[in-house]
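J.: 3D, please:
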Amino acid sequence: MTDANTPILYVDADACPVKEEVYKVARRYRLSVKVVANSFLMVPKEALIERIVVEAGPDIADDWIAERAGPGDIVITSDMPLAARSLKAGAQALASNGRPFTVDSIGQALAGRAIAEHLRSFGETTGGPPPFSNADRSKFLSSLDEAVHRARRAKPR
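T.: Below is the predicted model:
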């Protein structure tokens, strides 16, 4: 089992393509995983992996994660506002393509998101993320491994 000083992995799971990779890393380091979604998802029946089903609604899963993640924890999400809230709470935030959100980069990312939303409100097609690739999966595994090492150093003792 894990203790209070062990990082927790929080997964914003509704559209997360790297859940299996998270489980793999969690098993390697014996980390607790909270898989948070607003609908039922299958998760492995293992003591370290917990499925959390929250009410349906905008940002309910994000709020659940943001209220609990803290220093030394890792939040896996592609949602920039949740990443910003996680960083503010002292947690690390990692996108499913392996890109870490940082305090230095999150402001620019949120601004770009706001501009894209504004353009879409006028009917502009702004595209979307590129298709998820095996290279993204590999980069995610490497980035999560690095994040775990940082988290272990940062988690309050």
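J.: so which helix or strand of this structure has the lowest pLDDT on average?
T.: Using mean pLDDT, DSSP states H and E, helix 103-121 stands out as the lowest-scoring helix or strand of the chain, at a mean of 59.
J.: state the phi and psi torsions of residue 33.
T.: phi -120, psi 130 (degrees, to the nearest 10).
J.: that one pairs with what?
T.: When bridges are called by DSSP bridges, residue 33 pairs up with residue 9, residue 49.
J.: in contact with it, which residues?
T.: By CB atoms under 8 Å, 6 or more residues apart in numbering, the residues touching residue 33 are 8, 9, 10, 11, 22, 23, 26, 48, 49, 50. All C-beta atoms are positioned from the backbone trio N, CA, C, and that covers glycine.
J.: right, and residue 80 touches residue 101 too?
T.: Yes: with contact defined as CB atoms under 8 Å, residue 80 reaches residue 101; the gap is 7.3 Å.
J.: have a look at the two and say which one is more surrounded.
T.: residue 101 (23 against 19; other CB atoms under 10 Å).
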